[in-house]
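Undergrad: Output the structure for:
(one chain, ligands or ions: 1)
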Amino acid sequence: MDVVLVGLPGSGKSVVGKRLAHRHGASFIDLDEAVERAAGRTIPEIFAQDGEPTFRAFEQRAVEALGPADPSVDVVRVIAPGGGAVVDPRNRWRLYRGRVVVWLDGRPEVLAQRLRRSVHVRPLVAGRDPIGTIRALAAARERFYAAGRRLNGITEVPAVVDAVERLVGEAVIAPSAGTVLLRAETRIGSVVLGEGIAAVEVGAALRRLEARRAVLVSEPGAWAAAGEGLAAAMHADGWAVERVLLPQGEAAKRLAVVEAAASELARLRVERGEPIIALGGGALGDTAGFLAATYLRGIPVVQVPTTLVAQIDSAIGGKTAVDLPEGKNLLGAFHQPTAIVIDTTSLRTLPERERRGALGEAVKMAALGDERLFDLLETAGDAIARGEAAAFDAGAVAELVERAAWAKVEVVLADEREAGATTGRIALNLGHSLGHAVEAAAGYRDLLHGEAVAHGLRAACRIGVELGVTPADRADRIERLLDGLGLAVEPLPYSLDVVLGHLAADKKHAGGRLRWVLPVADGYEVRADVPDDVVERAAASLLATRSPA
Ligand SMILES: NC(=O)c1ccc[n+]([C@@H]2O[C@H](COP(=O)([O-])OP(=O)(O)OC[C@H]3O[C@@H](n4cnc5c(N)ncnc54)[C@H](O)[C@@H]3O)[C@@H](O)[C@H]2O)c1
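TA: Predicted coordinates for the structure are as follows:
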């Protein structure tokens, strides 16, 4: 087996790694040294001469050169990547899968002291405020290190090596735990993302809540795809499992469904403080979340999203709701999950249209200013939509989910209750004003939410260009990406009057003023002064019949 030691500069990866390898007669691979050998220069020289991106490219090649994990039971290789190597999702995918990852954690003050004594020059912490720099690195990277098993790395080296060995021994006992790629404790719930992790991570979340059983709330589609397997794995792990099934799809989002499900929870004698597990797509998560928000005035919920929409959007942020005959999501509450367990394995069974449609939301996240996500969608978006095995196996799906989901986490953390008028959560409305209007015109049947957002994004680009807010090349890039993904390419068969009617209804709900989120070169701008005729032209441009009916 391979052991990967991760942690900040100064955490002892090299010294612990060498000692561990020596004890096992294993080889020790220091990836920074591999980079220096390949480049024929020291790392400070690479930084000084070519900058960090060149160093990162060398680093990526060194990670690739490791090849697949060694499956032997004994420790065969001990790998110590540089502290920043794991920031790149693809490096993490290649490094963590099939390997035992151990995080050597340590207080920034101690690490800074160690670095002062070290003979190695670390370019990123060589400045005047090493403790501050290390704190900043810790805040930016902790979620990547925390995917591994955490150890206090700041004790005597032999003791740390012993502790690593104990963790490695435990890992041999449970080799099927999947791969955690990211783990974070946040105000809006703990977030864990990976492949094949659902059973272990849901179990861990339930243990943290001191739950006595696993009450799974799901629907037939998600149950067949992911629920049965999860229930069986949890049962095998000793959990008593209860199942509450809601209707499939949007049919779940009705008050009558919540009432029936609440009665079932009462029959099961679900008590205050006892969590439910919401397993499914956005419709299931919204309804089960609302159930959790209201049953006994609020019980904990663990969200286990199984669709791409849910993994990158609806399971994050605590918005729960059901629909009324008068409109979608009219009855709801903010109720943050205690944990969000994102297992990308479940996306393999999702119908292609669901994956492709969800990319409308991913394009929105990219357009809000994530250039790496933009590149990824341009190069791999179509393969991801098709569900090609290579897109899963190469880590493209996991990278997409991580980038889009984490972007949403950060937006929500900055503005949990959507209080910001021009920044914060409102950014997520990019593409949603006309998106909602065409979704409503389609009667919430003919268009998936993400497909509607794709139309809305095109409209936002056109409005932005006409107002001089969106540079033409930015709008082109967004529209070309949508073309490439096959999103919002056909004109819609609705009448302009109907679409504008829905927009007017949204405007009324918004207090008479629609705030338009419009793309700019590297992000967005919010405008409340978009003239009606500009909106009308953009709406008409989406439709097959461009004049009022
Ligand atoms: N709360 C929020 O912030 C938020 C954000 C965006 C969307 N939403 C809501 O989300 C809903 C849409 O969510 P959705 O697109 O996930 O739809 P959905 O929940 O209806 O799921 C789509 C379909 O996929 C099936 N399915 C689920 N998991 C599967 C799997 N792993 N394999 C195969 N099939 C599977 C379901 O049975 C269903 O038929 C809408 O109601 C929307 O309002 C909420």
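Undergrad: that's a strand at Thr470, yeah?
TA: No - under DSSP: H, G, I helix; E, B strand; the rest coil, Thr470 falls outside any strand and is assigned coil.
Undergrad: Give me the phi and psi angles of it.
TA: Backbone torsions of Thr470, given as degrees, to the nearest 10, read phi -100, psi 120.
Undergrad: Next, count neighbours for whichever residue of the stretch 51-200 of the chain sits closest to the ligand.
TA: At 10.7 Å from the ligand, Ala198 is the closest residue in the stretch 51-200 of the chain, using CB to the nearest ligand atom. Any C-beta I mention is one placed from the backbone N, CA and C, and that applies to glycine too. Residues lying near Ala198 (other CB atoms under 10 Å) number 26.
Undergrad: For Lys18, see how far away it is.
TA: Here Ala198 is placed at a distance of 36 Å from Lys18 (CB to CB, to the nearest Å).
Undergrad: Tell me which residues touch the most centrally placed residue in the chain, please.
TA: Nearest to the geometric centre of the chain sits Ala405, at 2.5 Å (CA atoms, centre = their mean). Ala405 sits next to 191, 193, 311-313, 316, 342 when contact means CB atoms under 8 Å, 6 or more residues apart in numbering.
Undergrad: Take these and lay them out in TSV including secondary structure and distance to the ligand.
TA: Output for these, formatted as TSV (DSSP: H, G, I helix; E, B strand; the rest coil; distance: CB to the nearest ligand atom, whole Å):
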residue	secondary structure	distance to the ligand
Val191	strand	15
Leu193	strand	15
Gln311	helix	9
Ile312	helix	9
Asp313	helix	4
Ile316	coil	7
Ile342	strand	12
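Undergrad: ranking those by neighbours, who comes first?
TA: Of all those, the highest neighbour tally under other CB under 10 Å goes to Gln311, namely 32 neighbours.
Undergrad: Spatially nearest residue to it, not counting backbone neighbours?
TA: Distances taken as CB to CB, 6 or more residues apart in numbering place Pro305 nearest to Gln311, at 4.5 Å, with adjacent residues excluded.
Undergrad: Return the set of residues that bridge with the one you found.
TA: Per DSSP bridges, the residues bridged to Pro305 are Gly280.
Undergrad: any idea how far it lies from the ligand?
TA: Distance from Pro305 to the ligand, counting by CB to the nearest ligand atom, to the nearest Å: 8 Å.
Undergrad: Show me where the stretch 151-300 of the chain has its strands.
TA: With DSSP state E, counting those that start in this stretch as the criterion, the stretch 151-300 of the chain has strands at 179-186, 189-195, 214-218, 241-245, 276-280.
Undergrad: Contacts for the third one, please.
TA: Contacts to strand 214-218, defined as CB under 8 Å, 6+ apart, come from residues 202-203, 206, 227, 230-231, 234, 239-246, 261, 265, 268, 270, 274-280, 284, 288, 291.
Undergrad: now do the fourth one
TA: Surrounding strand 241-245, the residues in contact under the criterion CB under 8 Å, 6+ apart are 213-220, 223, 227, 231, 234-235, 261, 264-265, 268, 276.
Undergrad: Please repeat the previous calculation with a cut-off of 7 Å.
TA: Contacts with strand 241-245, where a contact means CB atoms under 7 Å, 6 or more residues apart in numbering, come from 213-220, 223, 231, 234-235, 261, 264-265, 268.
Undergrad: Buried among these? Need that as a selection in ChimeraX.
TA: Typed into ChimeraX, the line below selects the buried ones among the contacts of strand 241-245, using 16 or more other CB atoms under 10 Å:
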select :214,215,216,217,218,219,223,231,234,261,264,265
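Undergrad: Please confirm that Trp103 is located within a strand.
TA: Yes - counting by three-state DSSP, Trp103 is found in a strand.
Undergrad: Relative to Pro305, how far out is the residue of the stretch 401-549 of the chain found nearest the ligand?
TA: Per CB to the nearest ligand atom, His449 is where the stretch 401-549 of the chain lies closest to the ligand, at 5.2 Å. Using CB to CB, we find His449 at a distance of 14 Å from Pro305.
Undergrad: what do you get for Asp88?
TA: Asp88 is 24 Å from Pro305, by CB to CB.
Undergrad: which parts of the lowest-mean-pLDDT helix or strand in the chain are buried?
TA: The helix or strand of the chain with the poorest confidence is helix 108-117; it has a mean of 79 (mean pLDDT, DSSP states H and E). Across helix 108-117, burial judged by 16+ other CB under 10 Å covers 108, 111-112, 115.
Undergrad: Which residues outside it are in contact with it?
TA: Helix 108-117 is contacted from outside by 8-11, 122, 125, 130-131, 134-135, 138, 154, using CB under 7 Å, 6+ apart.
Undergrad: for the nearest residue to Gly424 once chain neighbours are set aside, phi and psi?
TA: Of all residues beyond its chain neighbours, the one nearest Gly424 is Asp415 (2.7 Å), with distances taken as CB to CB, 6+ apart. The phi and psi values for Asp415, taken as degrees, to the nearest 10, are phi -160, psi 70.
Undergrad: Look at Asp415 and say how many residues are nearby.
TA: 15.
Undergrad: surely it meets Leu428?
TA: No - counting by CB atoms under 7 Å, Asp415 does not reach Leu428; the two are 9.6 Å apart.
Undergrad: Now do the same contact list for Val257.
TA: 246-247, 287.
Undergrad: So which of these wins on neighbours?
TA: Highest neighbour count within the contacts of Val257, by other CB under 10 Å: Thr287, with 30 neighbours.
Undergrad: List the contacts of that residue.
TA: Applying CB under 7 Å, 6+ apart, the residues near Thr287 are 246, 252-253, 257-258, 322.
Undergrad: Please repeat the previous calculation with a cut-off of 6 Å.
TA: By CB atoms under 6 Å, 6 or more residues apart in numbering, Thr287 lies in contact with 246, 252-253, 322.
Undergrad: restrict those to those near the ligand?
TA: Under the cut-off given by CB under 6 Å from any ligand atom, the ligand has Lys253 from these close to it.
Undergrad: Quick check: residues of the stretch 151-300 of the chain near the ligand?
TA: 219, 221-222, 225-226, 248-250, 253, 280-284, 286.
Undergrad: what's around Val530, how many residues?
TA: Using other CB under 10 Å, Val530 has 20 other residues around it.
Undergrad: quick one, phi/psi of Thr338?
TA: The phi/psi pair for Thr338 (degrees, to the nearest 10) reads phi -80, psi -30.
Undergrad: Not counting sequence-adjacent ones, nearest residue to it?
TA: Nearest residue to Thr338 in three dimensions, chain neighbours excluded: Pro300, at 4.5 Å (CB to CB, 6+ apart).
Undergrad: can you count the residues close to that neighbour?
TA: Pro300 is flanked by 22 other residues according to other CB under 10 Å.
Undergrad: That one and Val161: what is the separation?
TA: 38 Å.
Undergrad: cool, and Gly420?
TA: To Val161, Gly420 is 49 Å away according to CB to CB.
Undergrad: in the stretch 201-350 of the chain, which spans are helices?
TA: With helices called from DSSP state H, counting those that start in this stretch, the stretch 201-350 of the chain shows them at 220-222, 228-236, 255-267, 282-294, 308-309.
Undergrad: Just name the most buried of those helices.
TA: Mean neighbours per residue, mean count of other CB atoms under 10 Å, is largest over those for helix 308-309, with a mean of 28.
Undergrad: quick one: is that one near the ligand?
TA: Yes - for helix 308-309 and the ligand, the contact criterion (CB under 6 Å from any ligand atom) is met by Val309.
Undergrad: and for that helix, what are the contacting residues?
TA: Contacts to helix 308-309, defined as CB under 6 Å, 6+ apart, come from residues 282, 347, 355, 358.
Undergrad: Many thanks, I have nothing further to ask.
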